[in-house]
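Undergrad: Give me a 3D structure for the following:
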Amino acid sequence: MTDDTSACRSVYICRDPKDVFVSKWHFTNKLRPKELPPLSLEETFCWCLELEL
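TA: Numbering: from 1, shown residues only. Coordinates of the predicted model:
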């Protein structure tokens, strides 16, 4: 996306969705109470699918 009349530039940054998913999984497991078992990748994936619907 450029505007020929402006000297400004736009930079778009995009992360790999797989990287975002694994980061979310690690972050969520770090925040979980120690009494609870860690979430599996499958459980986290299903949780993410529910957010999309």
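Undergrad: Correct me if wrong: Asn29 contacts Pro38.
TA: Yes. Contact criterion C-beta atoms under 8 Å: Asn29 and Pro38 qualify, at 4.6 Å. Bear in mind the C-beta positions are built from the backbone N, C-alpha and C, glycine included.
Undergrad: what is in contact with those two at once?
TA: Counting by C-beta atoms under 8 Å, 6 or more residues apart in numbering, Asn29 and Pro38 have no common neighbour.
Undergrad: Quick check: longest helix in the chain by residues?
TA: Longest helix of the chain, by residue count under DSSP state H: helix 17-31.
Undergrad: List the buried residues in it.
TA: Of all the residues in helix 17-31, those buried under the rule 16 or more other C-beta atoms under 10 Å are Trp25.
Undergrad: Which elements pack onto the helix or strand following that helix?
TA: With elements assigned by DSSP states H and E, the helix or strand that comes after helix 17-31 is helix 41-52. Judged by 3 or more C-beta pairs under 8 Å, 6 or more residues apart in numbering; DSSP states H and E, helix 41-52 is in contact with helix 17-31.
Undergrad: For the helix it packs on, name the packing helices and strands.
TA: Short answer (3+ C-beta pairs under 8 Å, 6+ apart): helix 17-31 packs on helix 41-52.
Undergrad: what does the helix it packs on contact?
TA: Outside helix 41-52, the residues that reach it (C-beta under 8 Å, 6+ apart) are 21, 24-25, 28, 39.
Undergrad: Could you provide these in a markdown table, with additional columns for pLDDT and distance to Ser6?
TA: Formatted as a markdown table, these follow (pLDDT from 0 to 100; distance: C-beta to C-beta, whole Å):
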| residue | pLDDT | distance to Ser6 |
| --- | --- | --- |
| Phe21 | 89 | 36 |
| Lys24 | 88 | 36 |
| Trp25 | 91 | 41 |
| Thr28 | 90 | 41 |
| Leu39 | 91 | 46 |
